[in-house]
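K.L.:
Just the structure for this:
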Amino acid sequence: MGETRKTAGWRHIKKEECPHRAQLREGVASAKAECEECGGTEDLRLCLTCGYVACCESHAAHNTAHFRSSGHPLIRPHRTGYDWLWCYECKAFLD
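P.N.:
Residues are numbered from 1 along each chain as shown. Down below sits the predicted model:
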């Protein structure tokens, strides 16, 4: 199993409890190695609905902007070995 994010104090819910899981598309992947907005290469997140790759909040927050404009709530790190999921709507990690 891959590494999980250190999430002490953050809300966690079971994947089955997330009402937005219907937007999760199996097999979504992207070969892109940079943010589609700014070209940044650190702390990238992958949209699990459409495959959009963007920076996370610790950089330029382009992934949050994608969520706000598209309504796609589910993301994961765009890095091998990390397996956590986040739902913007539930404001929780999905276990």
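K.L.:
all helices for this structure, in order.
P.N.:
Listed in chain order, the helices of the chain (DSSP state H) span 62-70.
K.L.:
So, low pLDDT: which residues of it?
P.N.:
1-9, 58-59 (pLDDT under 70).
K.L.:
which residues sit in contact with the residue most central in space within it?
P.N.:
The structure's the chain has its C-alpha centroid closest to Ile75; by Cα atoms, centre = their mean the separation is 1.7 Å. Applying Cβ atoms under 8 Å, 6 or more residues apart in numbering, one finds that Ile75 lies in contact with 45-48, 63, 67, 85-86, 88. (Glycine included, C-beta is placed from N, CA and C.)
K.L.:
List the beta-bridge partners for it.
P.N.:
Cys47, Trp86 (DSSP bridges).
K.L.:
top of the contacts of Ile75 by neighbour count?
P.N.:
Counting neighbours by other Cβ atoms under 10 Å, Asn63 leads the contacts of Ile75 with 28 neighbours.
K.L.:
Just to check, it is in contact with Cys55?
P.N.:
Yes: assessed by Cβ atoms under 8 Å, Asn63 is found in contact with Cys55 at 6.2 Å.
K.L.:
Overlap of the contact sets of these two?
P.N.:
Common neighbours of Asn63 and Cys55 (Cβ under 8 Å, 6+ apart) are Arg45.
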